[in-house]
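Asker: Just the structure for this:
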Amino acid sequence: MTALWRLQTWSFVLMSVVGGYIASLFTSFNTWVCVLRKKWSKWFSFRILEVCIISVITSIILFALPLGGQCHKCDTQDPKHCVKGASMFMTFAGYGCGDGEYNDIAVLVFNPQGFKIQALFASPHGTFHISSLLLYSAMYYFLAAITYGAFIPSGLFTVSLIFGGCFGRLWAEVLSWMGLVKGSVDGVVGIYALLGSAAFLGGLMRMSASMCLVLMEMTGAPNTLPFLMLALTISKGVGDRFNYSVFDHQIMLKGFSFIGGIPEHLIKQAHLDAEDIMSKSRVSATFHIEELVENLLNTLDTHKTTGAFPVLSVPTQPDDPGNFMGIISRQSVMELVSKHGDNAEPINLSSKVEVAPVVIPPGMPLPFIYHVMQEQGLNYVPVIRQHGPLEGMVSRNDIVNVQNTQLDRFHVKEHMQQVAQDIDRGRILQSMHIEKQTAALVNAIKAPLIKTKDLLVKDIREHDELIDEINDHAPMIYLGPEGVRHTSSSRRTTRQTSLNTSAGGGERRSGLREEPRCHTEYDKL
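Answerer: Numbering: from 1, shown residues only. All right, here's what the predicted structure looks like:
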């Protein structure tokens, strides 16, 4: 069976490419729906109304969808569980099918999700009609895109398995209908359903290694590991060509200070250091080791979103800002203020000051700052020079701003703002920016073709230059008037000999022709 699957590698690769692109479209469409939802979600009543509307629409579509299904004969004598490979699978024969038959879409609609996955992965060729798979997967795709992100508990893993299983099975059925795949062989349609799920998961979540292990453990088939790795890697690469993962888009929509999602090579190419991204304005939001209550309250009121403040030593000179001593949290400052009250005496903050676990120099590259903040779980990192004065602070918000403005090659944040502006102006359909999606697809198709063309042109040019160089150094033969053949090691030597002869005496000039006739070794043969 594994040898048979190797023959289908070309089909697996093509299916992974298409699956990765479909998953990226899901992310873009879901992002547009969430931006549209965000306009009215500030009202709690709208959130409840939206959930009710989604529930009603989903119920109507799913109850009407089996009317477009196809009837198939049961594989067993049990009229309720007649789909081979999916025990305890209700068939719901009441949807226009006679005795001993089942409705294929009703099987996918009215059964629990675990049994749907079992049927898609295990049932043989012909269990589901091509039109039924296409209709059900299209509706499932649409409903999942508008539901994810609403104010109800929802996930995407099982949804991705079901849609990807339908997509892979549809791919196999079409190839079988075209005669390119022997769908009647046991396990062929099932492996396509599994790899279809892997392709959609890879393009949607961009977690190749973890998804590969989950799918392999779920199916209990270690021989599928190379093909799962192939499908997940290719689909992830295709998805990365168009946008980020669906989770990264949701994090941007929610406004969370999440660091990541940007490839490391792009971070290195930016050539940014700590002094380029640090907030120098945060230096003004500092406390000395001894501060008046009034100054503490004013600083807390001015910087309401700041969770921690740098603490400096008392300056010894008017121009001395003081050396950095540590960090104190907002909560600690409020506790000290409430403890001392409106005391006119300065409050000593040393009891609540925490020594910064990590300090960085101004010249530290951005990739190292990424690793430090992610591994240590830090929200703020002071920037100082060898235990000197504080020069700035690097926070998670600072790095997120750099990600959105300088490192984001897709400009997702700007795109979301543009979509929101179009929606505010009433341009709902125009806000989808379909032309940009089309241009991105065309560019993704043309870019490798153009690169391949450039490589071919370069190879041909180098080949022609090599041929010219060989011809320049090839031995040449020319004939004198008496038929004597003279051979030179190169054309350049031949030209030099002719010049020397012309510059010689009359006898030597008359012994050679003015325009010698040259022949290559090929002409001689």
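Asker: Could you list the low-pLDDT ranges of the stretch 201-350 of the chain?
Answerer: When residues are selected by pLDDT under 70, those of the stretch 201-350 of the chain lie in 281-284, 344.
Asker: do that again at 80, thanks
Answerer: 260-261, 280-284, 316-321, 342-344 (pLDDT under 80).
Asker: Which parts of it are strands?
Answerer: Shown for the stretch 201-350 of the chain, the strands assigned by DSSP state E, counting those that start in this stretch span residues 287-288, 290-291, 308-312, 324-329, 347-348.
Asker: from these, which stretch is densest packed?
Answerer: Most buried of those by mean neighbour count (mean count of other Cβ atoms under 10 Å) is strand 308-312; its value is a mean of 23. C-beta: built from backbone N, CA, C; applies to glycine.
Asker: which other residues reach it?
Answerer: Residues from elsewhere that reach strand 308-312 (Cβ atoms under 8 Å, 6 or more residues apart in numbering): 282-283, 285-289, 299, 303, 321-330, 333, 349, 353, 379-380, 382, 389-390, 393.
Asker: Tell me which strands it pairs with, and in which orientation.
Answerer: Strand 308-312 has the following strand partners under DSSP bridges: strand 287-288 (parallel), strand 324-329 (antiparallel).
Asker: Go through those strands and name the closest to residue 162.
Answerer: For residue 162, the closest of those is strand 324-329, at 46.3 Å, according to Cβ to Cβ.
Asker: residue closest to the middle of this structure?
Answerer: Within the chain, one residue has its C-alpha closest to the average C-alpha position: by Cα atoms, centre = their mean, that is residue 240, at 2.9 Å.
Asker: ok, it touching residue 205?
Answerer: No. If you go by Cβ atoms under 8 Å, residue 240 and residue 205 don't touch, sitting 11.9 Å apart.
Asker: separation between residue 336 and residue 218?
Answerer: For residue 336, the distance to residue 218 under the criterion Cβ to Cβ, to the nearest Å works out to 54 Å.
Asker: do the same with residue 150
Answerer: With the distance defined as Cβ to Cβ, residue 150 ends up 27 Å from residue 218.
Asker: who has more neighbours, those two?
Answerer: residue 150 (17 against 13; other Cβ atoms under 10 Å).
Asker: what does the model give that one for pLDDT?
Answerer: pLDDT recorded at residue 150 is 90.
Asker: circling back to that earlier point, nearest to residue 169, out of the strands of the stretch 201-350 of the chain?
Answerer: Between residue 169 and the strands of the stretch 201-350 of the chain, the shortest separation by Cβ to Cβ is 53.7 Å, and it involves strand 308-312.
Asker: Let me see the mean pLDDT of the helix or strand hosting residue 32.
Answerer: Assessed by DSSP states H and E, residue 32 sits inside helix 9-38. The pLDDT scores in helix 9-38 average 94.
Asker: How far away from the center of its chain is it?
Answerer: Between the centre of helix 9-38 and the centre of its host chain there is 10 Å, according to Cα atoms, centre = their mean, to the nearest Å.
Asker: Any buried residues in that helix, and which?
Answerer: Buried residues in helix 9-38, counted by 16 or more other Cβ atoms under 10 Å: 11-12, 15-38.
Asker: Going by neighbour count, which residues of the longest helix belonging to the chain are buried?
Answerer: Once the chain is assigned using DSSP state H, the helix that runs over the most residues is helix 434-472. The neighbour-count criterion (16+ other Cβ under 10 Å) identifies 437, 440 as the buried residues of helix 434-472.
Asker: For that helix, which helices and strands make contact with it?
Answerer: For helix 434-472, the helices and strands in contact under the criterion 3 or more Cβ pairs under 8 Å, 6 or more residues apart in numbering; DSSP states H and E are helix 9-38, helix 491-503.
Asker: Quick one: work out the angle between it and helix 9-38.
Answerer: 140 degrees (axes from the mean of the first three to the mean of the last three Cα atoms, to 10 degrees).
Asker: still on that earlier bit, out of the strands of the stretch 201-350 of the chain, the one nearest residue 440 is which?
Answerer: Counting by Cβ to Cβ, residue 440 lies closest to strand 308-312 out of the strands of the stretch 201-350 of the chain; the figure is 41.0 Å.
Asker: gap between that closest one and the chain center?
Answerer: Shown here is strand 308-312, whose average C-alpha point lies 38 Å from the average C-alpha point of the whole chain (Cα atoms, centre = their mean).
Asker: Including distance to residue 444, could the strands paired with strand 308-312 go into JSON lines?
Answerer: What follows is those, written out as JSON lines (distance: least, Cβ to Cβ, whole Å):
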{"stretch": "strand 287-288", "distance to residue 444": "52"}
{"stretch": "strand 324-329", "distance to residue 444": "46"}
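Asker: Minimum distance to residue 73: which of the ones you listed has it?
Answerer: Judged by Cβ to Cβ, the one of those that comes nearest to residue 73 is strand 324-329, at 70.4 Å.
Asker: what ranges do the helices span in the stretch 1-150 of the chain?
Answerer: With DSSP state H, counting those that start in this stretch, the ranges of helices along the stretch 1-150 of the chain come out as 2-7, 9-38, 44-64, 104-109, 113-122, 130-147.
Asker: in the fifth one, what's buried?
Answerer: Under the neighbour-count criterion of 16+ other Cβ under 10 Å, helix 113-122 has 115-122 buried.
Asker: and that helix with helix 130-147, angle?
Answerer: For helix 113-122 against helix 130-147, the angle between stretch directions is 140 degrees (the same axes, to 10 degrees).
Asker: which helices and strands does helix 113-122 pack with?
Answerer: Judged by 3+ Cβ pairs under 8 Å, 6+ apart, the packing partners of helix 113-122 are helix 104-109, helix 157-178, helix 188-205.
Asker: Settle this for me: residue 408 is touching residue 263, isn't it.
Answerer: No. Here residue 408 lies out of contact with residue 263, judged by Cβ under 8 Å, at a distance of 11.1 Å.
Asker: and those two? which has more neighbours close in?
Answerer: Neighbours were counted for residue 408 and for residue 263 using other Cβ under 10 Å; residue 408 has more, 18 against 11.
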